Structure formats: C-alpha cells, structure tokens
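Participant: This is a predicted model, with the sequence first.
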Amino acid sequence: MTGMSVRPYWELRFDADGDVDIRQRDRLLEQAAQRELTDLVVFSHGWNNTRTMATRLYDRFFAPFPGLLGEAGPARPGYVGIVWPSMRFADESLGGLPREQAPGAPPGLDADTHRALDAVFPGRQQIVARLAELLAERPERLAALDEFAVLVRGLVRVRGMSGGAGDAADTDTDAEADGDGVPAMFGEDVTEVCERFAAALTEARGKTDAEDRAVFDSGLGGLWDGAHELLRQGTYYVMKRRAGTVGREGLGPVLGALAALRPAPRLHLVGHSFGGRLVSFALTGLPEGATVASVTLLQGAFSAYAFAERLPHAAGRGGALRSAPGRVTGPVVSCHSRHDTALGLLYPVASRVSRDDASLLPGDVRWGAIGYDGVRAVEGCPRLELAEALDGPFPGGGCVNVDVSEVVRHGVPPAGAHSDICHEELARVVLRAGRIGAG
C-alpha cells in the first residue's frame, strides 16, 4: 500500500460476521510465502470507525520499526493492518491528534457520530435520529429518559445482528445480556444508570467544586450527560461483542493459514482497545496445533480477569480466555495506563450496571479493565515499569503487565489517554515481547 511507513504491508478487511476479504487474504498468503518473512506483525485497531483512521493509526505506530530494527538486521518483517467495522464517538480524542468537535459545542449528538451510528447500525436510522433529537432537546421529563433507554435497547439488541451475546463475555460469571442479547444495564432503572454515568463523567472531567455539583444535582440536565454516555456504552457493547466474533471466526483461521506456510513467519499480534480483545479471541479460533509468537495489548478494553484460571470473587469460575496464553509461545503483554479514563472510570461503571453489584465494596476491582491496571489473578504474572520492560530482561512467556503511564498520558475526557499509543517506546515493547530482530 502506498503511503505507509513500512513495507511490506498488507490490509485484511473483515465484516461484522468475521468474513474476510478473500482477495486480500489470498494475496497476503501468497506474498508472505514468496518473501520468506521471518516475522509478521498483525495489528488490530479498536474503535476507530473508518478505514482511513485505522490505516493512519498503523502508519504512525509502525513508523519507528525500520529504524529500531536496522536495515542490516537479521529480521525480515512484514506488517498487517486489520480493518473491521467499529466506531468511535467524535468527542473522543485520538492521541496526539485534534478532536473533531471543539470543547464547548452545544449538547447533542454531533454530526460525525450521527453518521457513524447510521453506518454501524444499518436500517435503524429512525432510532438514531430520535436519539439525537432527545439529546439535543434534553427534555425535563423522566418519561423522555425512559424513551431514550428503550430506543438504545432497540439499537443494540442482538436478534438479527451478527455475533451472539456470549461473544461479549470475558469471564464465566459475566451476565451482561438478556435472551435478546441486550446488555443488562438496560434492565436497570434508567435514572439510576444515568446518574452513575453522569457522576463518572464529572469525575473524569475533574469537576470537584461545589458549583459543578450543584449543576449536576438540579433538574435532569446532568442526567442527559449520563444518557449520552449510556448510548456510547451501548454501542461499545456491540463493538465488544463484534470484536470477539471477528477475532475467533475471522482472524483466527487466517492466522492458522499463515502458520501453515513453509517457511512460516513468526506471528506477533498487537491490539488496541477492543482490537486487543479481537486479537485475544483470535487465539481461540486458531486451528489445532497452530500458535503465535507474541501478543501485545495496548489499552485493552476487556476484563482484567479474562485470562484468569480462577476468579478470586467466584470460586470455580475462570476467564473466557484462560486457555488462550497456551496458544502463544512467547509472552502475552498487557500495556496499561492510569491516565486512561475511558477504562479507569467509565468501563467499571458500565460493568457494574450490567451485573449484580449488590455486594460491591469500596475499592473492589472485579469490574476493572485490562488496559487500566493490567492482567489480574494469573499466577506468575510480573508487573514491570516501562523502563524495566525496555532495558531489563523481558519474560519469555506467560502474561506480563507493563505500566506505560509514563508515555500513555495525553488526552481529554471522556476517553483520556486511551488512544495515546503511538510512541516509540511501545513499538520497542512489541519488538522485545516478540524478540524480533534487535528488539
């Protein structure tokens, strides 16, 4: 592909059911075999909602690789960018890039996000239009909030859509959806749910003075901020479920075909946000006997307990991906940052309101995301600072946590630093995890 910072580069497009573009797959298999690559780095984006955004991310992230590897090095790497149908709300910054919507814009659903919702949920334009109308008007009626919740439920239901509800489960105890595959948060009292989301947004934005609290406590205005977040989290649930489907049904078999090449390149998976979930579930879709060399998760948007053999809060239960590290000959690395407010504040709230949290205690981390505080409840999983990961001995296998807060730190609410991932240091983590060339 012209304009990319690395060569050779291939693109693999998948639809919502995990079906791959056959011509792209066959071209990759043929050319990878011809070039006799030593390594192939496969990167999946998270909630970028266009091919242009995805390829721009890959171009920026891969840019340091040639310099780090050196032209005369032993590695002959290739690069693959995954494109799958996901979306991003336009008020979320992409690390180092300007926001599409300026702060202080009028309330409501911005035009870019409206178009993205229309594209991601075909045939439901009328629902999206009414949701946008309600967010713009912010009626001072509880009945309007109830209507909003019913509409969001209709937007994100599974029936007639790709992927089953089980594709959204990260642990054996997850009960995120009802019989129609609708997140359990929509069975909760909508006022209480919107209050929780609005409070989390207030914390994310650093509003701590009495005046801001007074605004939140008066009328329904603050609840509509929470309603906007309810819509965001509803669409994220669909993207989370879709990531599992695309990974297991789509990418997994392609990786198996790559592993069957002779000679076969060593495969290195990299995933950002829901893309981290996608590449992790791809491990469950590998053919018998196929493996990959390494996995690096950048701000992974799924449960910190997904790889756990046993859950500390539910004896006899485990993570949905507990067997996945066995398909990796090297390490499974979780890069996490405390500056990621999307995962540190909003993800736990969404997880709590999707499940029974009656026994939740202060400081309970059972609803935490892997990209905020790393892998949990996995025996022998070391926790490394970024400097240790870059300069010290790197673990040769198993799960590894790397605190990248030092560099993944820039961004604005509500997502914070969630997408601030294009750094040379993170490129070096990928190279070290995979033992690629001089990495």
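Facilitator: Right, received. Where do you want to start?

Participant: quick check, Asp59 in a helix?
Facilitator: Yes - the secondary structure assignment for Asp59 places it in a helix, going by DSSP: H, G, I helix; E, B strand; the rest coil.

Participant: Next, count neighbours for it.
Facilitator: Other residues within reach of Asp59 by the criterion other C-beta atoms under 10 Å amount to 18. Heads up, the C-betas are built off the backbone N, CA and C, glycines and all.

Participant: Next up, phi/psi of Arg266, please.
Facilitator: Recorded main-chain torsions at Arg266 are phi -70, psi 130, according to degrees, to the nearest 10.

Participant: Return the distance of the residue nearest to Met4 when sequence neighbours are not counted relative to Leu134.
Facilitator: If the residues on either side of it in the chain are set aside, Met4 comes closest to Asp59, at 5.4 Å by C-beta to C-beta, 6 or more residues apart in numbering. Using C-beta to C-beta, to the nearest Å, we find Asp59 at a distance of 38 Å from Leu134.

Participant: correct me, but the residue nearest to Met4 touches Glu11?
Facilitator: No - Asp59 is not in contact with Glu11 according to C-beta atoms under 8 Å; the separation is 11.7 Å.

Participant: And the pLDDT for the residue nearest to Met4?
Facilitator: Confidence per residue is given as pLDDT, and for Asp59 that number is 97.

Participant: give me every residue that touches it.
Facilitator: For Asp59, the contacting residues are Gly3, Met4, Ser5, by C-beta atoms under 8 Å, 6 or more residues apart in numbering.

Participant: what's near enough to touch the second one?
Facilitator: Contact partners of Met4, counting by C-beta under 8 Å, 6+ apart, are Thr55, Tyr58, Asp59, Phe62, Tyr79.

Participant: Surely the fourth one touches Ser5?
Facilitator: Meaning Phe62. Yes - under the criterion of C-beta under 8 Å, Phe62 is in contact with Ser5, at a separation of 5.5 Å.

Participant: Of those two, give the one with the bigger neighbour count.
Facilitator: Phe62 (23 against 15).

Participant: Just list the residues touching that one, thanks.
Facilitator: Residues in contact with Phe62, defined by C-beta under 8 Å, 6+ apart, are Met4, Ser5, Val6, Tyr9, Val41, Phe43, Tyr79, Ala427.

Participant: what about the spatially closest residue to it that is not a sequence neighbour, how many neighbours?
Facilitator: Leaving aside its chain neighbours, Phe62 sits nearest to Val6 (4.4 Å; criterion: C-beta to C-beta, 6+ apart). The burial metric for Val6, expressed as a neighbour count using other C-beta under 10 Å, is 20.

Participant: so Val6, which of the three states?
Facilitator: Using three-state DSSP, the three-state assignment for Val6 comes out as coil.

Participant: from what I can see it touches Pro66, true?
Facilitator: Yes - shown here, Val6 and Pro66 form a contact pair, counting by C-beta under 8 Å, at 6.3 Å.

Participant: shared neighbours of these two, anything?
Facilitator: Common neighbours of Val6 and Pro66, using C-beta under 8 Å, 6+ apart, do not exist here.
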